[in-house]
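**Student:** Test case, fold it:
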Amino acid sequence: MEWSVNRESDKPIYQQIFEYIEEKIAYGEFPPGSRLPSERKMAEQLNVNRMTIVHVYDELQASGLVERKKGSGTRVSTHKWGILPKGVTNWRKYIEGGSFLPTYPLIKRIRDEAKVMKDGYNMAGGELSTDLFPASFLQASFNQHAFPSNLGYVHPQGHLEFRETLASYVKEYHDINVTSSSILITSGAQQALYLITQCLLNPGDAVAIEAPSYSYSLPLFQSAGLRIFALPVDAEGINPDDIVTLYRKHQIRMIFLNPTFQSPTGGVMTEPRRERVLEIAAELGIPIVEDDPVSLLSFDGKTHYPLKSIDKSGNVLYVGSLSKVIASSLRVGWIMGPESVINRLADARQQIDFGLSIFPQLIANQFIQSPEYPKHLAFLKQELLERRNEMVLALNEYLGDKVEFSVPKGGLFCWCKIKQKVDDQKLVEEAIKNKILFMPGSVYGSPNGYVRFTYARLQREAIKEAVLKFAKVLDKV
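**Tutor:** Numbers count the residues shown, from 1 in each chain. Next comes the predicted model:
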């Protein structure tokens, strides 16, 4: 095949292939009724992953350009090209419309591969491995309590008893003072961020996020029409003076921070900088959204209290969840802030789904109050420490002269800078061919040549082999 994808283009590979086939059909080079190569054959011809072709063929079918039948392959539609048969919707126009943007292509590529990859090494996902879930504790906790008699809608802010438990929980573990009326239960931290961007900001507003940052990987900011400006992160977190600079230039209206075991760098903002950030935010009247998913996972015994614990002005919206300390599929998160803000977000949340299911709230409520929860936290921190140590050993052994990294003191990730010049797209594709998944730094706002490895996602004995395989991939690109 003479045509080939342009891997230097900003246009996603799947879209390039779609437009190529669309053009061939329009020019009559793929006439009505003609059979297209199989997904595997087309992937081989274009030197791309088969799942990319599956995506392209799905889009062509949704557009009415091809017909697919099991056992018969994929054929160009027999009706006149460009005119859909009566009753068939051109879904492509709808898919490409709307205000809510799709996941960034490179992230979607990695996630799609994670769904189908077998016998590989997933160092991309920001979640715990299954052996770290407290499944038996959760089962026992749930069995010991009666099934709820009231299965109607719960309070818009969430189950009252659970909110009261959370108020005690954050006081004990984070030294945060809050009452149940200032808590909104959400479906994980991501929904919390969505509600904040949709309800408290307007299109065109300027916001500041860390660079690099997990927030950078979320199209929800652009979907809300927000203008994003970077706060560079160094070994001590963001520089508070950068907030002042951005405010003067762009009148930023909100700051998004992840100060403890930051994703993707794993860094911790120093106490002096935390205090200064709060001072500046209070002086300028700018709210801070503090995302705090893993601060309990400290390896050196040091407690890193959130910004919210020393916030005297009520400027911090505190976002947390149990995804990283219990299980991601539990889908329990929260926002803590001024009661008026919580009421506004709860109203929007009720319009969306009438509230989170009562069952994960009951399970979480029972578990975090049980004597098993501190035991689970201690077990989890020890296991993660051992896996971090295993990854550090492997990085030094197999990539010692090829990467630079700081040993994380907590959390789930190891952030590495590759010394040689690499193209993230090519590195990801080559790794996928070798059944290795990781997150490239470019999806978090870094230049090419940074990678985030999750040591929590793999079994301890698999970490060394995963890093070795990555080292071999790096030698090829």
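
**Student:** The stretch 1-150 of the chain: strands as residue ranges?
**Tutor:** According to DSSP state E, counting those that start in this stretch, the stretch 1-150 of the chain carries its strands in the segments 66-69, 73-76, 121-122.

**Student:** so for the shortest one, what's the average pLDDT?
**Tutor:** This means strand 121-122. Averaged across strand 121-122, pLDDT comes to 95.

**Student:** just stretch 250-264 next, same as before
**Tutor:** pLDDT averaged over stretch 250-264 gives 97.

**Student:** Flag every buried residue along it.
**Tutor:** 252-264 (16 or more other Cβ atoms under 10 Å). All C-beta atoms are positioned from the backbone trio N, CA, C, and that covers glycine.

**Student:** Could you do stretch 218-227 as well?
**Tutor:** Neighbour-count burial for stretch 218-227 [16+ other Cβ under 10 Å]: 218, 220, 221, 223, 224, 226, 227.

**Student:** And the contacts of the longest strand along the chain?
**Tutor:** Taking DSSP state E as the criterion, the chain has its longest strand at strand 227-234. For strand 227-234, contacts defined as Cβ atoms under 8 Å, 6 or more residues apart in numbering pick out 204-213, 216, 221-222, 238-239, 242-243, 246, 250, 252, 255, 257, 262, 265, 267, 445.

**Student:** at 6 Å what do you get?
**Tutor:** If you take Cβ atoms under 6 Å, 6 or more residues apart in numbering as the criterion, strand 227-234 is touched by 206, 208, 209, 210, 211, 221, 238, 242, 246, 250, 265.

**Student:** now do stretch 317-336
**Tutor:** 127, 133, 178, 182-189, 192, 289-294, 296, 308, 337, 360, 364.

**Student:** Filter the contacts of strand 227-234 down to the ones in strands?
**Tutor:** 206, 208, 209, 210, 211, 238.

**Student:** so who does the fifth one touch?
**Tutor:** Residues in contact with residue 211, defined by Cβ under 6 Å, 6+ apart, are 230, 232, 445.

**Student:** helix, strand or coil for residue 225?
**Tutor:** coil (DSSP: H, G, I helix; E, B strand; the rest coil).

**Student:** could you pull out the strands for the stretch 151-300 of the chain?
**Tutor:** 183-186, 206-211, 227-234, 237-238, 254-257, 288-291.

**Student:** Check these for me and report the most buried one.
**Tutor:** strand 183-186 (a mean of 27; mean count of other Cβ atoms under 10 Å).

**Student:** Could you list every helix and strand that that strand packs against?
**Tutor:** strand 333-336, helix 339-353 (3 or more Cβ pairs under 6 Å, 6 or more residues apart in numbering; DSSP states H and E).

**Student:** Out of the ones you listed, which is closest to residue 403?
**Tutor:** Closest of these to residue 403 is strand 333-336, at 32.9 Å (criterion: Cβ to Cβ).

**Student:** Restricting to C-alpha, output stretch 258-278 in PDB.
**Tutor:** C-alpha atoms of stretch 258-278 as PDB (Å, rounded to 0.1, in the frame of the first residue of the first chain):
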ATOM      1  CA  ASN A 258      -2.600  18.200  43.800                       C
ATOM      2  CA  PRO A 259       0.000  19.100  46.400                       C
ATOM      3  CA  THR A 260       0.700  15.700  48.000                       C
ATOM      4  CA  PHE A 261       2.300  12.900  45.900                       C
ATOM      5  CA  GLN A 262       1.300  14.800  42.900                       C
ATOM      6  CA  SER A 263       0.300  13.000  39.700                       C
ATOM      7  CA  PRO A 264       2.400  12.400  37.600                       C
ATOM      8  CA  THR A 265       5.500  13.600  39.400                       C
ATOM      9  CA  GLY A 266       4.900  12.100  42.900                       C
ATOM     10  CA  GLY A 267       6.200  15.300  44.500                       C
ATOM     11  CA  VAL A 268       5.100  17.000  47.700                       C
ATOM     12  CA  MET A 269       4.600  20.700  48.000                       C
ATOM     13  CA  THR A 270       6.600  22.100  51.000                       C
ATOM     14  CA  GLU A 271       4.900  23.600  54.000                       C
ATOM     15  CA  PRO A 272       6.200  27.200  53.400                       C
ATOM     16  CA  ARG A 273       4.800  27.100  49.900                       C
ATOM     17  CA  ARG A 274       1.500  25.700  51.000                       C
ATOM     18  CA  GLU A 275       1.100  28.600  53.500                       C
ATOM     19  CA  ARG A 276       2.100  31.100  50.900                       C
ATOM     20  CA  VAL A 277      -0.300  29.700  48.300                       C
ATOM     21  CA  LEU A 278      -3.200  30.100  50.800                       C
END
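
**Student:** Tell me which residues are up against that stretch.
**Tutor:** 212, 214, 233, 236-237, 240, 291, 294-295, 304, 307, 408, 410-411, 413, 415, 444, 452.

**Student:** partners of residue 288 in the sheet?
**Tutor:** For residue 288, the beta-bridge partners under DSSP bridges are residue 255, residue 316.

**Student:** ok so, going back, tell me which of the helices and strands packed on strand 183-186 lies nearest to residue 400.
**Tutor:** Comparing the helices and strands packed on strand 183-186 against residue 400 with Cβ to Cβ, the closest turns out to be strand 333-336 (38.3 Å).

**Student:** For the closest one, enumerate its sheet partners and note whether each is parallel or antiparallel.
**Tutor:** By DSSP bridges, strand 333-336 pairs with strand 183-186 (antiparallel), strand 316-321 (antiparallel).

**Student:** Just name the shakiest helix or strand of this protein by mean pLDDT.
**Tutor:** When the helices and strands of the chain are scored by mean pLDDT, DSSP states H and E, helix 91-95 comes last with a mean of 70.

**Student:** Confirm that residue 414 lies within a strand, as I assumed.
**Tutor:** Yes: counting by three-state DSSP, one finds residue 414 located in a strand.

**Student:** who's in contact with it?
**Tutor:** 391, 408, 453.

**Student:** Spatially, what comes nearest to it if we skip its sequence neighbours?
**Tutor:** residue 453 (4.7 Å; Cβ to Cβ, 6 or more residues apart in numbering).

**Student:** quick one: secondary structure of the one you found?
**Tutor:** strand.

**Student:** Hmm, it is touching residue 124, no?
**Tutor:** No: using Cβ atoms under 6 Å, residue 453 makes no contact with residue 124, being 8.5 Å away.

**Student:** now the helices: where do they sit in the stretch 151-300 of the chain?
**Tutor:** Taking DSSP state H, counting those that start in this stretch, the helices of the stretch 151-300 of the chain run over residues 160-174, 188-199, 220-223, 240-250, 271-284.

**Student:** no wait, the stretch 1-150 of the chain
**Tutor:** So, for the stretch 1-150 of the chain - with DSSP H, counting those that start in this stretch - the helices run 13-26, 39-46, 50-62, 91-95, 105-116, 135-143.

**Student:** Could you check the angle the third one makes with helix 13-26?
**Tutor:** Angle, helix 50-62 to helix 13-26, by axes from the mean of the first three to the mean of the last three Cα atoms, to 10 degrees: 50 degrees.

**Student:** try the last one
**Tutor:** Orientation check (the same axes, to 10 degrees): helix 135-143 against helix 13-26 gives 90 degrees.

**Student:** any residues touching helix 135-143, and which ones?
**Tutor:** For helix 135-143, using Cβ under 6 Å, 6+ apart, the contacting residues are 363, 366, 367, 370, 372.
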